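>>> give me a model of this one.
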Amino acid sequence: MKLSGEKLLLTMASANDLDFICRIETDENLWYFEEYVESDKDVVREEYIQKIEEKENRTSYDFIVTIATDKNKKPIGLAQLWNDSEHRKSWEIGFAILPENGGKGYGSEAAKVLLKFAFEKLCAHKVFGMCNTNNTRSAVLMENIGMRKEAIFKEELFWQNKWVDQYYFSILEREYFAGAKP
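Next up is the predicted model:
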């Protein structure tokens with residue numbers, strides 16, 4: 001499966017992408033604001049093999065992000081959706097763009113493509129994302145793509161040996177279709 005944006009192509013992760021996925025998922029610098037980063041590439045590989053092999057009743061979608069004009073299709077990031085609550089039709093969004101490609105709007109575009117997929121293909125009722133309150137770039141990105149800050153979970157994450165707050169952003173199906181999408 002492929003999803004297209006203006007400048008990006010999101011391609012469903014496959015076994016051919018496992019080395020890149022393992023590298024990106026275990027990069028502590030890339031996930032600096034996360035509470036925990038898996039360091040064992042074998043654990044990551046096994047988790048993604050199971051996800052890739054899941055065909056029916058899919059509960060997550062993992063996409064490799066590439067620049068659409070790049071003939072070599074060199075991966076620049078990972079964009080993900082996973083089902084938080086099937087009966088509520090609620091999906092969580094996640095994304096990471098390699099630092100050398102940061103600041104160019106690729107994260108925002110990848111997230112917009114995920115929102116479109118979630119609402120127009122998966123019939124989501126709600127899409128949400130969460131971030132450490134210190135991760136201002138992620139918070140600004142979610143606001144810029146039409147998500148609203150709904151909550152601040154106090155002392156939700158144990159990060160850098162202290163308790164920190166976490167933002168909760170979301171957008172509803174009716175908001176997306178009413179034009180909340182940028």
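
>>> now I49: phi and psi?
The phi and psi torsions at I49 (degrees, to the nearest 10) take the values phi -60, psi -40.

>>> nearest spatial neighbour of L30, chain-adjacent residues omitted?
Leaving aside its sequence neighbours, L30 sits nearest to A96 (C-beta to C-beta, 6 or more residues apart in numbering; 5.7 Å). Using the backbone N, CA and C atoms, a C-beta is placed for each residue, glycine as well.

>>> measure that neighbour to Y106 for me?
For A96, the distance to Y106 (C-beta to C-beta, to the nearest Å) stands at 10 Å.

>>> overlap in contacts, these two.
Applying C-beta atoms under 8 Å, 6 or more residues apart in numbering, one finds that A96 and Y106 are jointly contacted by G77.

>>> what ranges does this structure have for its strands?
Assigned strands in the chain, in chain order: 2-4, 8-12, 60-67, 75-85, 90-97, 126-132, 148-159, 162-172 (criterion: DSSP state E).

>>> give me the buried positions along the third one.
Spelled out, it's strand 60-67. By 16 or more other C-beta atoms under 10 Å, the buried positions in strand 60-67 come out as 61-67.

>>> over to the longest one?
Residues of strand 148-159 classed as buried by neighbour count (16+ other C-beta under 10 Å): 156-157, 159.

>>> give me the sheet partners of that strand and which way each runs.
Using DSSP bridges, the strands paired with strand 148-159 in its sheet are strand 162-172 (antiparallel).

>>> thinking again about what came up before, what pLDDT does the residue nearest to L30 get?
We have a pLDDT of 94 for A96.

>>> neighbours around I97, how many?
Each residue near I97 was counted by other C-beta atoms under 10 Å, and the total is 25.

>>> ok, the nearest residue in space to it that is not next to it in sequence - contacts?
The shortest distance from I97 to any residue that is not its chain neighbour, by C-beta to C-beta, 6+ apart, is 3.9 Å, and that residue is G77. Counting by C-beta under 8 Å, 6+ apart, G77 makes contact with 24, 64-65, 95-98, 101, 106-107, 110.
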